[in-house]
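Participant: dropping a prediction and its sequence here:
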Amino acid sequence: MPSDIETIARQNLSAAVQPAVDPDAFEPDTDLTDYGLTSLQKVLFLTRLCEDLAVDLVHLTERDVAEMRTLHDVVDTLSRYAGKAS
């Protein structure tokens, strides 16, 4: 059963890719670029996701962002910061 963070991440990823993909169709370990996500779309996806999860972007390092290559990576990274105050 997906966590709340994963569910929200799937919904945001679905909205970010074109054409849209059913949120349940994303494989956790598939590279986001395999779904056609460009670097700009990745930034927009992560920004929106952080807003939805109340994760302050100041917590994310350049390395964090670079290492978020899959849905699993995104959920794992943002899980560490969810609920932290800035």
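Facilitator: Structure's in. What do you need?

Participant: contacts and neighbour counts: CA atoms only from here.
Facilitator: Fine.

Participant: list the helices and strands the biggest helix by length in the chain packs on?
Facilitator: In the chain, assigned by DSSP state H, the helix with the most residues is helix 39-53. Counting contacts by 3 or more C-alpha pairs under 8 Å, 6 or more residues apart in numbering; DSSP states H and E, helix 39-53 is packed against helix 4-16.

Participant: so is residue 29 in a helix, a strand, or just coil?
Facilitator: Of the three states, residue 29 takes coil according to DSSP: H, G, I helix; E, B strand; the rest coil.

Participant: any idea what the nearest residue to it once chain neighbours are set aside is bridged to?
Facilitator: Nearest residue to residue 29, sequence neighbours excluded (C-alpha to C-alpha, 6 or more residues apart in numbering): residue 70, at 5.4 Å. For residue 70, the beta-bridge partners are residue 31 (DSSP bridges).

Participant: hmm, residue 70 is touching residue 30, no?
Facilitator: Yes - with contact defined as C-alpha atoms under 8 Å, residue 70 counts as touching residue 30 (5.6 Å).

Participant: so, low pLDDT: which residues of the chain?
Facilitator: Per-residue confidence of the chain (counting by pLDDT under 70) places the weak regions at 1-2, 84-86.

Participant: one more pass at 50, please.
Facilitator: 1 (pLDDT under 50).

Participant: quick one: which of residue 70 and residue 30 has more around it?
Facilitator: residue 70 (18 against 14; other C-alpha atoms under 10 Å).

Participant: quick one, what contacts the more buried one?
Facilitator: Shown in contact with residue 70 (C-alpha atoms under 8 Å, 6 or more residues apart in numbering): 28, 29, 30, 31, 32.

Participant: residue 69 versus the second one, what's the distance?
Facilitator: When you say that, I think you mean residue 29. Distance, residue 29 to residue 69, using C-alpha to C-alpha, to the nearest Å: 9 Å.
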